[in-house]
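here is the input, now give the coordinates:
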Amino acid sequence: MARFVRRSTKKIGQMPGTAEYVGDAREHSVSIDAFEYDAEDVVRTYPTTEQELATLRDSPRCAWINVDGVHDVDTVQRIADVFDLHPLAVEDIVHTGQRPKLDEYAGHLYIVLRMLRWDERTQQVDDEQVSMIVGPTWVLSFQERQGDVFNPIRERIQTNRGRVRKLGADYLSYALLDAVVDHYFAVLEELGDQIEAMGEEMARDPKPEELDAIRRLKRELLFVRKSVWPTRELLSALQRDENPLLTESVRPYLRDVYDHTIQTIDTVETFRDMLSSLTDLYMTSVSNRMNEVMKVLTIIATIFIPLSFVAGVYGMNFTFMPELGWKYGYFCVLGLMFCMAAAMVVYFKRKRWM
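Numbers count the residues shown, from 1 in each chain. So this is what the prediction gives:
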């Protein structure tokens, strides 16, 4: 349940805008790296002081400052003071249970995303909150821990490939959004492979443990859906709202990301239907197997019912039963029982019950 709901009881009763870290315990130190670039040049730095951060804030070139680790509230607050972030945005940055959303504040946009990755060790979808603040010439990104899906963007900035160095902070924010959403497809591809393999296995020989596997995959798809559906609302709001921080040139790219989100949602719903079909297939297979067992038992019981009747009649041992004193009575009764059983087997086969 902790994957779906982050415990935040310690925030009860606090004033709005109070920065209180809510999330898993972290021990690693906070790291900050920054790209400052334009069409001609790029510089990568690792700012640590307020003065270095203020230089990036006031630079005429575009700047991307990435922060790995939001458990250190003092560091997050120090960065927020330099860039004059709204207290409610700071509160949401360190509260790692936020749903994807868009908030507009004076001078900047605050965007929350859920970055999903497939964990091979636990065979689960691993998620992480990514907070982005889009300013006039800068973008701040806050992550819970080191490691992300943004390396292709870093490479494009360093090698001057694509449009990222030629356009501003709004295009950079689009590129980060696009990287997160596109990585949803990698997670769904892994889940799709497992669903397909499970379907083939169940078609051959359904086993009880596969029902637990279906429940696990349904839970993972629900986890993905919880992140993707609000992202669609976020991107719709970005396209719809008129904000001076987003130029008209970047809106077609935002529509493209929105289309990718819709495609992701369609894939999630398709996979959920496939898992429901696999559940029905399993229950049908179990029911058919039980019906086959019951049919065999019923046929056996039906054959032995008249035999039991004959055996019961001649097991009463009354004094005046002529067959009891007959020399061939025992063999005749056995023959009668055999003929009755054979006749019933022939009848069942003609009816195709056997």
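
list the contacts of Gln146.
Each residue near Gln146 by CB atoms under 8 Å, 6 or more residues apart in numbering is listed here: 28, 31, 68-69. No exception for glycine: its C-beta is placed from N, CA and C like everyone else's.

try it again with 6 Å
Gln146 makes contacts with Asp68, as judged by CB atoms under 6 Å, 6 or more residues apart in numbering.

just say helix, strand or coil for it.
Three-state assignment for Gln146 (DSSP: H, G, I helix; E, B strand; the rest coil): coil.

so for it, what's the pLDDT?
Each residue has a pLDDT score; the one for Gln146 is 84.

repeat for Val5
Per-residue pLDDT puts Val5 at 61.

for Pro16, same thing?
In this model, Pro16 is scored at 66, pLDDT.

what's the answer for Lys10, then?
pLDDT at Lys10 comes out at 57.

check which helix or strand covers Asn66.
strand 62-68 (DSSP states H and E).

what does Val333 give?
Per DSSP H and E: helix 329-350 holds Val333.

in the stretch 1-150 of the chain, which spans are strands?
Using DSSP state E, counting those that start in this stretch, the strands found in the stretch 1-150 of the chain span residues 31-37, 42-45, 62-68, 101-105, 108-119, 124-134, 138-143.

buried ones in the strand or helix carrying Ser173?
Ser173 belongs to helix 169-204 when elements are defined using DSSP H and E. For helix 169-204, burial by neighbour count (16 or more other CB atoms under 10 Å) applies to 169-181, 183-184, 187-188, 190-192, 194-195, 198, 202.

what's the angle between the host helix or strand of Leu234 and strand 101-105?
In the assignment (DSSP H and E), Leu234 maps to helix 208-240. Going by axes from the mean of the first three to the mean of the last three CA atoms, to 10 degrees, helix 208-240 is angled at 30 degrees with respect to strand 101-105.

chain center to helix 208-240: distance?
Mean-position distance between helix 208-240 and its chain equals 5 Å (CA atoms, centre = their mean, to the nearest Å).

re the thing from before, the strands of the stretch 1-150 of the chain: which one's closest to Phe320?
Nearest to Phe320 among these is strand 124-134 (80.2 Å), distances taken as CB to CB.

export only the CA atoms of stretch 137-156, formatted as CSV.
The C-alpha coordinates for stretch 137-156 follow below in CSV (Å, rounded to 0.1, in the frame of the first residue of the first chain):
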residue,chain,number,x,y,z
THR,A,137,15.3,31.4,-19.1
TRP,A,138,15.8,28.5,-16.7
VAL,A,139,14.3,25.1,-15.7
LEU,A,140,14.7,23.5,-12.3
SER,A,141,14.2,19.8,-11.9
PHE,A,142,14.1,18.0,-8.6
GLN,A,143,14.4,14.3,-8.3
GLU,A,144,14.2,12.0,-5.3
ARG,A,145,17.4,10.1,-6.1
GLN,A,146,20.2,9.8,-8.6
GLY,A,147,19.5,8.1,-11.9
ASP,A,148,16.9,9.2,-14.4
VAL,A,149,15.7,9.0,-18.0
PHE,A,150,17.2,12.4,-19.1
ASN,A,151,20.6,11.2,-20.4
PRO,A,152,19.5,11.5,-24.1
ILE,A,153,18.6,15.2,-23.4
ARG,A,154,22.0,15.8,-21.8
GLU,A,155,23.6,14.2,-24.8
ARG,A,156,21.6,16.4,-27.2
